[in-house]
Structures are given as structure tokens and as C-alpha cells.
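Peer 1: From the sequence below, what's the structure:
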Amino acid sequence: MAWLLLLIAGMFEIVWAIGLKQTDGFSRLWPSLLTLAAMALSFTCLALALKSIPIGNAYAIWTGIGAVGVAIAGMVWFGESADIKRLACIALIVIGIAGLKLLTPETHQA
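Peer 2: Reported below is the predicted structural model:
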């Protein structure tokens, strides 16, 4: 369950990071409210995941999910570069995320 919460936290991180661009410096009400809600959900899910996942690994995975997701969104929706060097760097982040997941011991705290 902790890993699912961490994945959800990462997805909401993507939402709020993209939302920041849409807020226009928090001058647009609805995008700002949605961004703040996504931030709250992201941090809440991360905090709950930290009950069972070591903080170093959880934080690195959370930020990695966000970084990869926002980079892909930038390419798809905002016309950012999708050259092979950039894609290779994104692939390295994905490999790092997978490696941390595989190397993280399962802990169960009450």
C-alpha cells in the first residue's frame, strides 16, 4: 500500500508542477486552487508512504516520478525538445527509480 501511495503522490506532483505554469503566478483562481489541492494530496500521500518506506528512497522516487512526468508532459503538451539525449537522460531517471524500488527493504511500522 505504501508504494501505491508513493506512486499516487508522484502523479499529483506532476499535476501540481504543470499546474504552476497554468496559475500565471497564482493570479488565476481555478488553476491556483487545483494546483494547491494537488500539492496537498501529493504531500499527504508522500507522508503516508513514509510510514513504511525509508525517506531517502521515497523522496528520490517521488521527485523522480515528478521529474519524468513533467519532462514528458513538457514534450507532449508544451512542445519542448524530445531529442535523443534528453530521452536518454529521462531513461536514466526511470532506471534509478526502478533500482531504488528494487533495493528498498520492506518495512512495516504501526
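Peer 1: so what secondary structure elements neighbour the longest helix belonging to the chain?
Peer 2: Counting residues, the longest helix found in the chain (DSSP state H) is helix 55-78. Helices and strands touching helix 55-78, by 3 or more C-beta pairs under 8 Å, 6 or more residues apart in numbering; DSSP states H and E, are helix 2-23, helix 29-49, helix 84-103. In this view, the C-beta of every residue, glycine as well, is placed from N, C-alpha and C.
Peer 1: Could you name the helices and strands sitting against the second one?
Peer 2: Here helix 29-49 is seen to pack against helix 2-23, helix 55-78 when contacts are counted using 3+ C-beta pairs under 8 Å, 6+ apart.
Peer 1: Next, the buried residues of the longest helix of the chain.
Peer 2: By 16 or more other C-beta atoms under 10 Å, the buried positions in helix 55-78 come out as 57-62, 64-71, 73-75.
Peer 1: Stretch 2-22 now?
Peer 2: Residues 2, 5-20 are the ones in stretch 2-22 that count as buried (16+ other C-beta under 10 Å).
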